[in-house]
Every structure is written in structure tokens, then in C-alpha cells.
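Q: Turn this into a model:
(chains A, B, C, D, E, F, G, H, I and J, ligands or ions: 16)
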10 protein chains.
Amino acid sequence: MSSQPTKALETFDNPQPGRDFHIHMEIPEFTCLCPKTGQPDFAVLYLDYIPDQKCVELKSLKLYMWSFRDEGCFHEAVTNRILDDLVAATDPKFMRLTAKFYVRGGIFTNVVAEHRKPGWQPLPRVELSQFDAQSNIRG
Amino acid sequence: MSSQPTKALETFDNPQPGRDFHIHMEIPEFTCLCPKTGQPDFAVLYLDYIPDQKCVELKSLKLYMWSFRDEGCFHEAVTNRILDDLVAATDPKFMRLTAKFYVRGGIFTNVVAEHRKPGWQPLPRVELSQFDAQSNIRG
Amino acid sequence: MSSQPTKALETFDNPQPGRDFHIHMEIPEFTCLCPKTGQPDFAVLYLDYIPDQKCVELKSLKLYMWSFRDEGCFHEAVTNRILDDLVAATDPKFMRLTAKFYVRGGIFTNVVAEHRKPGWQPLPRVELSQFDAQSNIRG
Amino acid sequence: MSSQPTKALETFDNPQPGRDFHIHMEIPEFTCLCPKTGQPDFAVLYLDYIPDQKCVELKSLKLYMWSFRDEGCFHEAVTNRILDDLVAATDPKFMRLTAKFYVRGGIFTNVVAEHRKPGWQPLPRVELSQFDAQSNIRG
Amino acid sequence: MSSQPTKALETFDNPQPGRDFHIHMEIPEFTCLCPKTGQPDFAVLYLDYIPDQKCVELKSLKLYMWSFRDEGCFHEAVTNRILDDLVAATDPKFMRLTAKFYVRGGIFTNVVAEHRKPGWQPLPRVELSQFDAQSNIRG
Amino acid sequence: MSSQPTKALETFDNPQPGRDFHIHMEIPEFTCLCPKTGQPDFAVLYLDYIPDQKCVELKSLKLYMWSFRDEGCFHEAVTNRILDDLVAATDPKFMRLTAKFYVRGGIFTNVVAEHRKPGWQPLPRVELSQFDAQSNIRG
Amino acid sequence: MSSQPTKALETFDNPQPGRDFHIHMEIPEFTCLCPKTGQPDFAVLYLDYIPDQKCVELKSLKLYMWSFRDEGCFHEAVTNRILDDLVAATDPKFMRLTAKFYVRGGIFTNVVAEHRKPGWQPLPRVELSQFDAQSNIRG
Amino acid sequence: MSSQPTKALETFDNPQPGRDFHIHMEIPEFTCLCPKTGQPDFAVLYLDYIPDQKCVELKSLKLYMWSFRDEGCFHEAVTNRILDDLVAATDPKFMRLTAKFYVRGGIFTNVVAEHRKPGWQPLPRVELSQFDAQSNIRG
Amino acid sequence: MSSQPTKALETFDNPQPGRDFHIHMEIPEFTCLCPKTGQPDFAVLYLDYIPDQKCVELKSLKLYMWSFRDEGCFHEAVTNRILDDLVAATDPKFMRLTAKFYVRGGIFTNVVAEHRKPGWQPLPRVELSQFDAQSNIRG
Amino acid sequence: MSSQPTKALETFDNPQPGRDFHIHMEIPEFTCLCPKTGQPDFAVLYLDYIPDQKCVELKSLKLYMWSFRDEGCFHEAVTNRILDDLVAATDPKFMRLTAKFYVRGGIFTNVVAEHRKPGWQPLPRVELSQFDAQSNIRG
Ligand SMILES: [Ca+2]
Ligand SMILES: [Ca+2]
Ligand SMILES: [Ca+2]
Ligand SMILES: [Ca+2]
Ligand SMILES: [Ca+2]
Ligand SMILES: [Ca+2]
Ligand SMILES: [Ca+2]
Ligand SMILES: [Ca+2]
Ligand SMILES: [Ca+2]
Ligand SMILES: [Ca+2]
Ligand SMILES: [Ca+2]
Ligand SMILES: [Ca+2]
Ligand SMILES: [Ca+2]
Ligand SMILES: [Ca+2]
Ligand SMILES: [Ca+2]
Ligand SMILES: [Ca+2]
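A: Residues are numbered from 1 along each chain as shown, chains lettered A, B, ... in the order given. Ligands and ions are numbered 1, 2, ... in the order given. Next up is the predicted model:
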């Protein structure tokens, strides 16, 4: 695999396709350009998905994100576009992409888009008490 | 577009009208006047919506908020009024406006108002485990 | 309106009675007396309600809270009593009162009580991704 | 009431038995002994309940917790036992006990157990926007 | 019981098999090797389960986690494998394993997998107001 | 000792008068009246001192704080007055009183006042790395 | 005292002029205009001072802050100017003003300016262990 | 080494006696009895020291803390006494003990006591920018 | 002023050159390239300075940061280089630049560099009690 | 450079040897073995140093940390040993190593050790107001 920016997303086989499990990835290093002004824009992306037969490969995902570095992108459009690309590559049962953009004009904008595989139904959620994660150490 | 306060909200075309996606905007710079005393009031506004054919334009939204700077407004009324204006401009599938006002008389007041397009139904929520966002850096 | 403690709650007309909207008030300045020992007790109150025709007026609410300063009150009883008074004054569609009392005997006690107007049904909740509010400034 | 450790839980009459309201108590001062090694164990307990005719009395609850100080207790068993005792004393509509034990072997263990009165149904929850409580002061 | 790493998970009898109760364990000391590069990987694991006849023994769980120290493991596969092992050992009514891996390539990955016993149904959740736990002390 | 509000502060003998040690007390239950309007004011007090021959007794300190409940007090004056009373009762080597008042007019006010015994010098501080205290439990 | 914006700052006599004590005020409701664009700017101000003969009066301080609402102000200049006005009104032993401006151009700016009375020297600081303030309640 | 509570503190040789280094230990499991009422008291202890020839052994420290479980102790006295015992056992260059007691009478008490070896001087502190530690994981 | 990336830093006249005051700027949008691999790097920069005759202009600072977007930079070198450029442009009395880089190889790196004008001495710091800033609103 | 664990630390030339600047590295992935029991231990390390002619290379530092994976190490000894190795490799003006070990026996242990080059003196610290870093985004 090269270390060049690329729109080609690599995948690997889901190791447990018989189970609906959830993968969450936080991607803090996203930057593109404002299509109006050409100035840099920044965001943190959060990917949540339930794979079907394929999972997205980590390094490939990083190179894919890099590929937006010199492209002009509107906030609402690029979030939908990245979701579309990830869905095309992995054909998941469910996928949600959350983009949190850095402040512009004193206003903070977040965009959330989802895809569901036709016919797929989530298992009913088992609601348990929730416990916060904390540091493993003191100080 | 001028840089004067204005009640005219600009919009742009939804880039993905075929998908119900969610836009969240945090607007920390809202101030108006108390209609009883004439003294300044302050609030932070949070806008959540699912667009239909139109999205609200960021700079226009900022100028709209500016337009309340010299107007007398009651907390409960102004929250409903801003929601009405945003609905009139964008005709969204769903919109929720949350206003958190600065303390008065030792009491903190928040107001939350929603609009739903007649006939629109939200997709059933896919409930996943949630993970907190944290800093990208240390320190 | 006087500035004396009073059990008389003032109201004003709901500016948007056609919409089920939510008002949240945080009231940190509640104190009464322990009916057993006569010693002071303290709590923070949180009021959440969906008004019908009337909203509770802020200054009046403050004077009402003041009126408990010299009264003996049990935790569970006073929470229910304040809820009853607020319901009597505003006849809301829905109201929830949460009282968080200061520690006694090394144990922390919170009490939550609700009222629902007969026949009123909440709109089904539109569940969106949630985003924390943060400071408008740095440092 | 004595100030000796005791398994006898005192109660008082529910001041508002006509309403399903919620009492939350945080009890940070629980300690017992490990039945295998005899060494001290520690936990923080959280009690949530909806009373029927009786509420648990605060000082009595403290003395009850003290009564475990010299007893050997397994984590999972003692959580269920305390819940059973509280249910026997108050016969509540609903009760949930959460025990968060201090770390052992580098692993943190929490246990959550519930009781529901036969035939009792919770009112459907009214889901509102939630707002964090914060400090009443600055600094 | 030996103090050697082992895949053999010990169990003990559920002290209250007649009640569906919830055990939560946080396991911060998990490390394995990257199967591609041989370099160490780290994660924090969170185990949530509702036991049927058996509970997993704490020290045994620690030794089991140790057994991965010299094994090559992919993130998605090892999370599913640990869940499978824990299910095989305890045959629980419900089990959820959450693995939060340390950052790789600037991207943070979490994996969540669940098992439900065929025919088992969770009790409908009683939704109460939630209260954060805080420190028992000041400072 | 009575359980009535009183300005009389009780003391006990310093158990280790040969060592300059530091006592910190957080007193969250202070309320008095505004001398202009008669309305209640609230504050949280923090007491830091290095005792000489006497320490302030905890229950007495609580009753002393209660004694301000029906008195009119300006923020700056009452902080200095309480410090003066505590100094008169205990004659400490060093004492600092910090008062954090609840918001008034949208502005938060804190007041800090100190007393040093003539001729007393603090030992030079040994500056160590500092580590935050955290919860003993998870969740 | 009127309730109009005004540059005239009211004072009252220091109740304890014989002691160097510290007053801290947090003023979250500051807004002015950008002198280049005419658009609103916002900041939170923090005032720390050691009074000599005069203290600044709270309501007057609020009206003073209001007086900037329609004035054009550069960040660095307005911070120094407010400090100068407060020094002119109160002639303090020491005063520090900290202004935290809302984000502009993706950059957050804070400005800190101080005044010391000629010949005044601070007492050497007694450095004690520090303890964080926390909430008085749980949840 | 036995596993019984004991006042005998074990030590081991300082592995680097030529360097003044700092050991910080957080001990959350301290409980004793109130000498007035016989009821349990709780505290979290923090030990900071610069060893000379001996370091305190971890398991021994735990058993030492256990030895207070059935003893009556005043807050100020027991903090000084534990410091004295640790100094007697390890003869350190410097030692600071911080005890944070659980709330009593609505007031939180912390006690800090220090010992310095005669003739020992701390190296002047090199003050660097400080950076908070954060979680290694997300969520 | 153009809106192109540029190494030319604009300045404006210090509005209060007679006073040593402190300007703090947080610059979250810095990205450059790794000189070894060509892949993007990210950092958040914090600038603290005491101006002499000139202050750095905000928009110009943003364009300057943009100019590193396509340059290869080592962490330690680029931090020192940016400090050198800012010093050359503004000739400040004091300047500190803190760069917090995003994680690489599982390790987080921060770099702090300072410049002091020859002959300049800071005023001795007046150490006051410190108070945390918090949100202006609730929730 | 190989990708095998190694005690050989690589360095690179300090890019700005004429300036005393500060490098901070957080290293969350340290594990070794307990020399008594052979069981795994874990810590997070924090390295702060002022380089002289050489800086430690990031990847090499990671491989060095890896080299402790199968070695038995006491907490106090290994912290001093790692500091010695880093000093031997880079001969810095100043270096501080902070090790925060995971909990053992219910007690949390941190160790801090420093090295100063003979004859080196830190520049007197310029103490400025400090501002907390916060997230670049909302939510
Ligand atoms: Ca969390
Ligand atoms: Ca951690
Ligand atoms: Ca969050
Ligand atoms: Ca960040
Ligand atoms: Ca929140
Ligand atoms: Ca907030
Ligand atoms: Ca909360
Ligand atoms: Ca929580
Ligand atoms: Ca605690
Ligand atoms: Ca702390
Ligand atoms: Ca907790
Ligand atoms: Ca604080
Ligand atoms: Ca509080
Ligand atoms: Ca910290
Ligand atoms: Ca802060
Ligand atoms: Ca704020």
C-alpha cells in the first residue's frame, strides 16, 4: 500500500460476519479548503458502523482523509460525500458519520449523516446502566 | 451579501436532499434587550435541524442574530420567534432550537422549541454505544 | 410586585400556546429548616415544564422559594409540595421538579416528582445525536 | 433510635403515595470484609427507588450500612442482599441498587440489581432535553 | 489457582440466579501484539453482563487477559474472540464487551460486540432521572 | 453544646502544636441577607489555617455560620468580619478565608482575606510535582 | 442610581482598609463593536483587585460595562482602557483585568493588564496546598 | 509478611539514594472510628516523600492503614500521628501527608502535615510549563 | 491585505506601550508536512507575549500559519522557527510559543520556546488566589 | 532503524542549541513485569527536558520503552533507570521523568526523578496568567 493521498479505500474481511458488532473510529486529522475563499477548513470526524462482509482498513482510511487536503468542500456536502464513499467501499449494515467543524463566523457547525442497508434491522438495544470511563492512573 | 444586521435569512440548496441528515449549529453570540428594563440580555443558541430542500447559510445566520441586538425580547417569546423565522426560511423536515439564557435573579432559564413538518416521520433511531470526544492533544 | 417572600406565584400568558415547548429553570438558592432539629437545610432545584396557557414568572418564583426560609420541611414532602403549588399556579401540560439536597449523615439525597395533565400526550421524541455545550472562550 | 450498627431498617410514611416519584440516595461510606482474605473492601452505593407506602429513613440507612463493617461479603452477593433487605423494609414500587467497588486485581467491578413490585408499571418516560447541573459559584 | 497466564476462565455460582442483575467490569490492563508488525498494542476493556448460572471469577479474568500478552491480534477479531471465550465459560443471559484501543495512525478505534442467550428477553428498562457520581471528598 | 445559632466559636487544643500544619475546611452552607433589599444571599466559604494552640471545633463552626442567617451583610464586610471572629477565637499562626458569593446582577464576586500572626514566618514551601485526586471508583 | 449605561463608576468605602484583601469579580456580559467592521464583539472579563480606600459598586460596574455596547473597540485597547477607568475610580493598591474574547478568524485572544500603586508591595504569598472546589450536591 | 492489620511498617532500600526523587502514593481506603460517637469515619490519604535510605513497602503500608479500622481518631491528630509513624519508619529527607476526610456536619475537612529532615534543603524547583495528563483512549 | 498564505506578518502599534501587559492567543488550525514521509502533521499553537511597540495582527497571523501547510517541518525546529519569525516581526519584551502536536507512534509531543528582550525584566508577579472560569449558562 | 525492542536510544541534533527550550513527551504505552510475581505491570510515563546538543528520536524512544516488556522492574528503580538511560543518550541541560503506575493493592504510586547538568541554571521563570486549553470543536 502506498503512502500517498488516495480516494481508494482498502478493506479487509469482517472476522465475525455472523454477529452485528459496532466499530467506532475517531479521526481528528481532517482538513480541506473552503470552496468560496480557498482558505483551510478543519474538522474532527467520527465513524460508527456495523460491518457486513467488509471492514475499512485503518491506514487506507488515513490516506483517504489526506486526499481532501487540497480540495474545496462545503461542510454539508463533504460529510455526505465521505459517507457515500465509505458505504461504497464496505457495504455496511449501518454507518453513521459525524463531522465536527472548527468555528467559522463565531458559529460551530456539526453534521451527522447515516446509511442503513435496505432490509437490515438493528437488534433491539439492551439498555444497561452506564459507567464513565476514567483514567487508569492518578494525576 | 451585506454585513448589516438583517432579519432576511439566506439559504442554499441541500446537497443531499435524498437523505435525512442532521445539522447542529452552536451560536454563542446572541444578545437582545429586556423589554421591561431595557437592559441587555444574553443567551447561547443551539440549532438542530434535518433539512428538506434548503439549508440556512452561515453568514446570513450570524447577521440575523445580530438583528436582535437593539430589540426588546422576552425569553420564551424570542425563542419561539427565532424558530418560526428559521422554519419560514428553510421549511425543514425537523428543527429544534435551544436557548440558554444568562442568569437573572439567581435563576437560570433555558427554553427548547421544536417544529416538525406535517407528515414527516423520523427514521427509528439506531442506538449505539456512545463515546466521548476528547482533545486531540495532551495538555 | 412586592419584594417579600410569598407563596403567591405570578404567571404570564404563554406566548406560543399552540406549540409544546420546554422551559428549564435552575434554582440554586433554596433553603428551609429541618423539622426535627430546626437547623438549616439546603437544596438546588431544577424545574422542567411544558406550559399550557400560563408560564411562571421569574421574580415571583424567586420570592416563592424565599418563602420556605423559615419553614420546617422534610425532603420528600417539600419536593412534592412545591410541585403541587407550581401545578396549581400554571396548570401545565407537563412538569418535573428535581431537588438535590445537601449531604446529611454522609448520604446525598435527590428527589424527582412529576405531574402530567390528564389526557396530554408527549410528542414522540425525535432522537438526534447530542453535542455538549462548551465555553465560548478559552482559559 | 440508637447509634449502633443494626440490620433493622426504619421507615416513615410516604408523604405523597398517590404519585410515583423517585428518590435517589448516594451512600459513599460502605465497607465490609473480603470473605476469602478477611481484608477490608470498600464501595460506594447508589439507591434509586419509587416508594409505595414507605420511605427508608436516612439515619437508619446509615446504621444499616455500618452493620456490614465486620462481615465477610462477596461483591455480587452483598449487592443483592442489601437490595433484598431494603425491599423487605419498604416494599417499594421499584428499587435499583448500584454498587461500585474499589479496584481489586487491577479490575473495577460494579453491580446493579433491581426489584419491581408485581403488577407495577412505570409511567412512560417523558423525554426532555437534558441540561447539566453546574456549580452555583465561580472558581 | 496458579498465577500464570491462561486461557482457562474460572467461574463461581451466581448468588442470585432468580434475578436479572448487571455486572460491569473495567479492565485497564490489556496488551497484545500487532500481527503485522509484532509491535505491542494496548486497550482498555469494559465487560457488561447479566449472568445466568455462572459469574466470571476476578483473578481468573486477570490471568486470562494476561494470556494475550505475546499473541498477535487484530482489533476487531480479538474483541469478538474474547467475547466468545467469556460466553463459552459463563453462558450468560446477556454480555457486551467494549474494547477501546490506543491510537494508531492518528485514529482511535473502539469495538463493541454483544451476545444474547437465545430466548432471553431483557426486562423493559425503567428510565429514571440520572445523577452523576462525584468524589466523596473535596480537592 | 447547644444546637442553636451562636457567634460563640468553640475550640480544642492543637494536637501537634510543635508542627506548622494546614487545616482546610469547605463550608457550603452559608446564607445571610442583603442589607439593601433584605433578600437572601448565599456563599460557599473556604477556610485555610495553620493553628497555633487552638483549633476551631467543627460543630461550633457550623452553628456560627448559622448565626448569620437573619443578619444583613455586605459581601466584602462579612468576609472580613468572619475572619476577624475566627482569628479572635483561635489566634492562629496563619488564616485565609475565601468567600464565593452567588451571582448578583450577572456578576460573580469572590472575596479573599488573610491574617498572619505578628512575627510568624511560613517555612519555605517544598515544591513537588502535583497530582490530581480522582474518584476511587469507576462510573 | 439610574439604570442607564454610563461610564461613571460608583464606589463605596472599603470596610477593612487596614488589611490587604482580594476581590475577584467575573463579568460575563461584555459586548462592544469591531471598529473595522462594525460587527458585534463579545468577551468575558475577570477583575482582581486589592482595594485601598474604595471598592467598586456592583450595579454601577454592570452599567459601566453596558456603556460599551455601541462603541467600536480594539481588543488590546479596550482592555487597557477599562483598567484605566477602574483605577481612576478606585485608586486600588493592585488591580488586574483579564479579558477573554470570543473567537475571531479561528483564533482565540485573551488580554491581561495590571496596575500597581506606586510604593505598594504585596505581602509575600503563603503557599498552601490547594483544594478544588466542587459541587455542593450530587448529580 | 502476614496479612493482618499491623502498625509495623516494612521498608526496602532506596534504589537511588544519590538522587532526591519524589514518590507519590494515593491511598483511598482509610477508615477509623469517631472517638466521640464510635461511628465510622473515612478519608483518602495522599503521601508525598523524598526518601533518604529507605522507602516504604506497598503491602505493608496497606496493612498499616488497615490497623486504624477499629481505633478512635480525631482528624487533626490522626493525620499527624500517621506522618510521625511513617517518618519513624523511613527517616525521609521530606514527607508530606494529606488527609481528605468525608463530609461531617455539612463541612469538608482536609489536613496537611509535613516533616523535613534537619539540614536537608530542597533543590531549587525548575519551573516548566505544565501539561495535563489525559486518557489514552477515546470514550 | 490579501487572503493568501504568506510568511509576512503584519503588526499594529501597541495601544498602551507604557504598560507591560500580556496577550494570549490560541491557534488551533496549524498543519504542515512531515519532512520524512510527506504526510500531514497537526498541532495547536499557544502564543503568549508582552508587546513592546508592536502587536501582531490577527488576520495576518492566520495567513502566516496557513503558509506552513505545504512545507516539511520537524516538531522541534518549526516551533523555534515560528517563534523567531514572530520575534522578528514584533520585537516583543517577552514571547513564549507552545506547540502541542498530535500523537505520533503512540507518543504525544509538546514543545515550548521563549524569547526575552535583552535587558527586559518582568515585574515581580503578584500572586493571588486563582478562580476557574466556568460557563455563563447552565447545561 | 529496526523495529525491534532495543535499549539503544537514537538522537538527532538540537535544531536550536542556543535557546533553552522545553520538550514534553507523554508515553502511555509502558509495560514491564513485577519482579516478585512475574505478573505484568503498567505505567504512563511523562518526559520533560531541556536539550543541550541532542534530542531523543521519537521512534527510537518507542522501541526503547518496548524493551522493558519482558523485564522484571520495581517501580522506584525502573523510573530512575530510564532517566539514567535518557541522560546518558542525550546529556540534557535538564530532564524530569514522571512515572504513573497502575493501582496495586488499592494504592496508586507515582515516581518523579530529575537530572540537572552540573553548572546549568534555569532562566528565572516569567510567570504569566495561565489559560486552559480546550477542544477546537463543540460536542
Ligand atoms: Ca466517557
Ligand atoms: Ca489512561
Ligand atoms: Ca462530549
Ligand atoms: Ca483539540
Ligand atoms: Ca452537557
Ligand atoms: Ca455550558
Ligand atoms: Ca451532572
Ligand atoms: Ca457519570
Ligand atoms: Ca473519592
Ligand atoms: Ca484536584
Ligand atoms: Ca465516579
Ligand atoms: Ca476550581
Ligand atoms: Ca455549588
Ligand atoms: Ca491533571
Ligand atoms: Ca481554568
Ligand atoms: Ca464561558
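Q: Show the residue spans covered by the helices in chain A.
A: A:58-66, A:75-90 (DSSP state H).
Q: Name the residues that touch the shortest one?
A: The reference is to helix A:58-66. For helix A:58-66, contacts defined as C-beta atoms under 8 Å, 6 or more residues apart in numbering or on different chains pick out A:1-11, A:25, A:27, A:29-30, A:45, A:85, E:104-107, E:109, I:39-40. The C-beta positions use only the backbone N, C-alpha and C, and glycine is treated the same way.
Q: Sitting in strands, which of these do you find?
A: Mapping the contacts of helix A:58-66 onto strands (DSSP state E) picks out A:11, A:25, A:27, A:29-30, A:45, E:109, I:40.
Q: coming back round to it: I'd like to know which of the contacts of helix A:58-66 are buried.
A: Buried members of these, scored by 16 or more other C-beta atoms under 10 Å in any protein chain shown, are A:5, A:9-11, A:25, A:27, A:29-30, A:45, A:85, E:104-107, E:109, I:39-40.
Q: what's near enough to touch A:Ala113?
A: A:79-80, A:83, A:96-97, B:16, B:19, B:21-22.
Q: one more time with 10 Å, if that's ok
A: A:76, A:79-84, A:95-99, B:16, B:19-23 (C-beta atoms under 10 Å, 6 or more residues apart in numbering or on different chains).
Q: Quick one: mean pLDDT for stretch A:16-25?
A: Stretch A:16-25 shows a mean pLDDT of 97.
Q: and it, anywhere near chain H?
A: Yes. Stretch A:16-25 lies within reach of chain H by C-beta under 10 Å from any C-beta of the partner chain, at A:24-25.
Q: give me the beta-bridge partners of the spatially most central residue of chain A?
A: Nearest to the mean C-alpha position of chain A, by C-alpha atoms, centre = their mean, lies A:Leu47 at 3.1 Å. As for beta bridges, A:Leu47 partners with A:Met25, A:Leu97 under DSSP bridges.
Q: can I assume it is in contact with A:Val87?
A: No. Assessed by C-beta atoms under 10 Å, A:Leu47 is found out of contact with A:Val87, at 11.2 Å.
Q: Quickly list what's touching both of those two.
A: Shared contacts of A:Leu47 and A:Val87 (C-beta under 10 Å, 6+ apart): A:95, A:97.
Q: will you turn the helices of chain A into JSON lines that also has mean pLDDT and distance to ligand 2?
A: Shown next, in JSON lines, are those (pLDDT from 0 to 100; distance: least, C-beta to the ion, whole Å):
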{"stretch": "helix A:58-66", "mean pLDDT": "98", "distance to ligand 2": "21"}
{"stretch": "helix A:75-90", "mean pLDDT": "98", "distance to ligand 2": "29"}
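Q: Distance to ligand 12 for the ones you listed - can I get that in a markdown table?
A: Converted to a markdown table, the helices of chain A look like this (distance: least, C-beta to the ion, whole Å):
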| stretch | distance to ligand 12 |
| --- | --- |
| helix A:58-66 | 37 |
| helix A:75-90 | 35 |
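Q: Out of those, which gets nearest to E:Gly72?
A: Among the helices of chain A, helix A:58-66 comes nearest to E:Gly72, with 15.7 Å by C-beta to C-beta.
Q: Let's see the closest one as CSV, backbone CA atoms only.
A: Taking C-alpha atoms only, helix A:58-66 is exported to CSV below (Å, rounded to 0.1, in the frame of the first residue of the first chain):
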residue,chain,number,x,y,z
LEU,A,58,-7.1,1.8,9.2
LYS,A,59,-4.1,3.1,7.1
SER,A,60,-6.2,3.3,4.0
LEU,A,61,-8.7,5.4,5.9
LYS,A,62,-6.0,7.8,6.9
LEU,A,63,-4.7,8.2,3.3
TYR,A,64,-8.3,8.7,2.1
MET,A,65,-8.8,11.5,4.6
TRP,A,66,-5.5,13.1,3.4
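Q: Could you check the angle that helix makes with helix E:75-90?
A: Put simply, helix A:58-66 runs at 140 degrees to helix E:75-90, going by axes from the mean of the first three to the mean of the last three C-alpha atoms, to 10 degrees.
Q: Near chain I, which residues of chain A? Just list them.
A: A:3-5, A:28-31, A:33, A:37-42, A:62-63, A:65-66, A:69-70, A:102-103.
Q: The residue of chain A found nearest chain D: how many residues sit nearby?
A: For chain A and chain D, the shortest gap (C-beta to the nearest C-beta) falls at A:Ser129, measuring 4.8 Å. Neighbours of A:Ser129 under the rule other C-beta atoms under 10 Å in any protein chain shown: 18.
Q: ok, now which ones touch A:Thr31?
A: Here A:Thr31 is in contact with A:40-43, A:65-66, A:68-70, A:73, A:102, I:29, I:31, I:40, I:42, I:69 (C-beta under 10 Å, 6+ apart).
Q: actually A:Gln121, sorry about that
A: A:Gln121 neighbours (C-beta under 10 Å, 6+ apart): A:20, A:93-94, B:124, B:126.
Q: Against D:Gln4, how distant is A:Glu26?
A: 53 Å (C-beta to C-beta, to the nearest Å).
Q: returning to what we had before: for PyMOL, what selects the buried ones among the contacts of A:Thr31?
A: Listed next is the PyMOL selection for buried residues among the contacts of A:Thr31, using 16+ other C-beta under 10 Å:
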select buried, (chain A and resi 40+41+42+43+65+66+68+69+73+102) or (chain I and resi 29+31+40+42+69)
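Q: Pick out whichever of the contacts of A:Thr31 sits closest to ligand 7.
A: A:Tyr102 (26.9 Å; C-beta to the ion).
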